[in-house]
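Asks: from the sequence below, what's the structure:
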Amino acid sequence: MPESIEIFPVVVLTRVFAARPSSVPEMRDFIRRCSGGVAWSESDNRELNKTIMEVLLAAAGPGGRVQVSCRTYPDRVEFDVLPSVTEFLHPSGRHPNELSSPSSEASDPVIGDEEPATFAEWITAVLRREGITREAAARQLGVSVKTVSRWAGGETEPRLRELRRVQDRFGHMPFR
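Replies: A predicted model of the protein is given here:
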């Protein structure tokens, strides 16, 4: 007797985001909307943030983009967070960056009881945590003091090649 085949309705939503730190909150909001209001554990949030940052760094370069796909089945929701080659690339055949990657061991700076919401808040907290000036950070990162000041003031964000150096020097960048 042949095996039975079950067919499930699947809803697939895909959105492409610019590969820059300011897109992180939008990516997380998209994923949370797709998950239908299911409460996320602290561990799930850390894994999501780590995955998003890894993909942002992998998408470095001019015009870098990140593709987030959400597949909703009757009993579960699955996500892919991938560097996007093109806005219309179908995720099939690509290896998903799974949310079950090990969580970061680095201590993340927090503001009050919450993680920073922006890169500017995060870098300011990191400099405070490390006890270094903007000048020292600029030397360590190979950028100008004016650049670090613009980052801390929220005027600009690092380019992805600079973001790699920031993460290598100061650790994981959590965003709410």
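Asks: residues contacting the nearest residue to Ser149 once chain neighbours are set aside?
Replies: Closest residue to Ser149 apart from its sequence neighbours, by CB to CB, 6 or more residues apart in numbering: Arg134 at 5.6 Å. The C-beta positions use only the backbone N, C-alpha and C, and glycine is treated the same way. Residues counted as contacts of Arg134 (CB atoms under 8 Å, 6 or more residues apart in numbering) are Leu127, Val145, Val148, Ser149, Ala152.
Asks: list the contacts of the last one.
Replies: The neighbourhood of Ala152, defined by CB under 8 Å, 6+ apart, consists of Ala120, Ile123, Thr124, Leu127, Arg134.
Asks: any chance of TSV for these, columns distance to Val68 and secondary structure?
Replies: Putting the contacts of Ala152 into TSV (distance: CB to CB, whole Å; DSSP: H, G, I helix; E, B strand; the rest coil) gives the following:
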residue	distance to Val68	secondary structure
Ala120	23	helix
Ile123	24	helix
Thr124	28	helix
Leu127	30	helix
Arg134	33	helix
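Asks: related to what we said a few turns ago, most surrounded residue in the contacts of Arg134?
Replies: In terms of neighbour count, Val148 stands highest of the contacts of Arg134 at 24 neighbours, by other CB atoms under 10 Å.
Asks: ok, back up a step: so which of the contacts of Arg134 sit within helices?
Replies: Leu127, Val145, Val148, Ser149, Ala152 (DSSP state H).
Asks: closest to Val68 out of those?
Replies: Proximity of these to Val68 (CB to CB) peaks at Ala152, which lies at 28.2 Å.
Asks: not counting sequence-adjacent ones, nearest residue to the closest one?
Replies: Nearest residue to Ala152 in three dimensions, chain neighbours excluded: Thr124, at 5.0 Å (CB to CB, 6+ apart).
Asks: same check on Val38?
Replies: Counting by CB to CB, 6+ apart, Val77 is the residue found nearest to Val38 once chain neighbours are left out, at 7.6 Å.
Asks: quick check, the one you found in contact with Ser35.
Replies: Yes. Applying CB atoms under 8 Å as the test, Val77 and Ser35 come out as touching, 5.1 Å apart.
Asks: what's the overlap in contacts for those two?
Replies: Shared contacts of Val77 and Ser35 (CB under 8 Å, 6+ apart): Cys70.
Asks: hang on, Glu157 in a strand?
Replies: No. Counting by DSSP: H, G, I helix; E, B strand; the rest coil, Glu157 is not part of a strand but coil.
Asks: got the confidence number for it?
Replies: Note on Glu157: pLDDT of 86.
Asks: over to the residue nearest to the spatial centre of the chain. Which of the three states is it?
Replies: Most central in the chain under CA atoms, centre = their mean is Ile52, positioned 2.6 Å from the mean C-alpha point. Three-state call for Ile52 (three-state DSSP): helix.
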